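1. Prediction below, plus the sequence it came from.
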Amino acid sequence: MLHALFNCFKIPELRHRIVFTLALIVVVRIGASIPCPGINPLVLGEFFRQVVDQQDQGSVIGLFNLFSGGALENCAIFSLTIMPYISASIVMQLATGVIPS
């Protein structure tokens, strides 16, 4: 298994793809930890605690925070991640069933 891992880095194209993927993961994690300017993180954290306390089973905001890896609670630069794309694709799939062309 370890020998196969070392063989992956001997192929230039595969090595380039692995390094590129790891670099993208690092960029996304850094962007998810940088807070947006002008937002008070203490007030936002208190809001999330109130939402969790009011609803025992969680909420939509808590679900979005879970999908964003906690970036929404920190109001990070990349806090929306892929959620707008997923929501838009769900709406489009529902719209094609309701409005056939």
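-> Structure's in. What do you need? Numbers count the residues shown, from 1 in each chain.

2. Wait, a helix at Phe6?
-> Yes - counting by DSSP: H, G, I helix; E, B strand; the rest coil, Phe6 is part of a helix.

3. Now do the buried residues in the lowest-mean-pLDDT helix or strand in the chain.
-> Per-element confidence for the chain was summarised using mean pLDDT, DSSP states H and E. The lowest value among helices and strands belongs to helix 60-67, with a mean of 76. Residues of helix 60-67 classed as buried: Gly62, Phe64, Asn65 (neighbour count, 16 or more other CB atoms under 10 Å). (Glycine included, C-beta is placed from N, CA and C.)

4. so Ala32 touches Gly69, yeah?
-> Yes - here Ala32 lies in contact with Gly69, judged by CB atoms under 8 Å, at a distance of 5.8 Å.

5. Counting neighbours, what do you get for Val52?
-> 14 (other CB atoms under 10 Å).

6. Let me see the mean pLDDT of the top helix by length along the chain.
-> The helix that spans the most residues within the chain, counting by DSSP state H, is helix 12-31. Regarding helix 12-31, the rounded mean pLDDT is 92.
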